[in-house]
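1. sequence plus the predicted model coming up.
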Amino acid sequence: MTGTLVTLVVTFLVALGVGFVGVAAVGLVRLPDLYTRAHATSKSDTLGTLLGLAAVAVAFGGGQPTVKTALLFVFVLLTGPTAAHAITRAAYDRGVDGWTRPGTPGGATAQPGSRVQHGHEANRGPQAQPGPDGPNDPDDGG
């Protein structure tokens with residue numbers, strides 16, 4: 001590619017990447033709870049970073065720096081969303097409630113700390129409760 005075309009492509013990719021990172025920053029500031037913030041930042045920030053890395057690869061043109069950039073591309077693509085998922089899953093397991101609009105089902109009338117069971121929690125079934133003989137009574141499964 002000619003120098004001017006490379007410069008235009010790199011500028012376009014960097015501008016687009018900065019735009020997506022800006023959207024992630026706005027989402028982090030404006031959204032109401034951990035879950036929506038994590039969703040906005042993980043998606044937009046990852047895409048912005050990948051566009052920036054694509055700009056680096058185009059600027060270098062080929063060879064070893066482009067291979068290293070491609071490896072970084074794969075690393076960011078795998079670890080960004082995975083880290084966001086791990087953080088939100090840990091928050092969910094700790095009982096962090098998500099935001100709901102007041103007046104909607106599960107909104108202002110919901111009890112603090114109550115939540116709907118999803119996924120692996122819904123499939124557990126009833127838990128064994130200790131009977132009158134204590135937690136080690138073989139008759140009640142405890």
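-> Now that the structure is in, tell me what you want to look at. Everything numeric here is computed off the predicted structure, so don't read it as measured data.
2. report the longest helix in the chain, please.
-> If you go by DSSP state H, the chain has its longest helix at helix 64-93.
3. read off the pLDDT value for Gly141.
-> As predicted, Gly141 sits at a pLDDT of 52.
4. do the same with Gly119
-> 49.
5. re the thing from before, elements contacting the longest helix of the chain?
-> When contacts are defined as 3 or more CB pairs under 8 Å, 6 or more residues apart in numbering; DSSP states H and E, helix 64-93 packs onto helix 34-60. The way it works is simple: take the backbone N, C-alpha and C, and place the C-beta from them, glycine included.
6. so for the protein, the centremost residue is which one?
-> The geometric centre of the chain, computed from its C-alpha atoms, lies nearest to Ala84 (CA atoms, centre = their mean), at 3.1 Å.
7. who are the contact partners of it?
-> 38-39, 41-42 (CB atoms under 8 Å, 6 or more residues apart in numbering).
8. now the residues you listed: which count as buried?
-> 38, 41-42 (16 or more other CB atoms under 10 Å).
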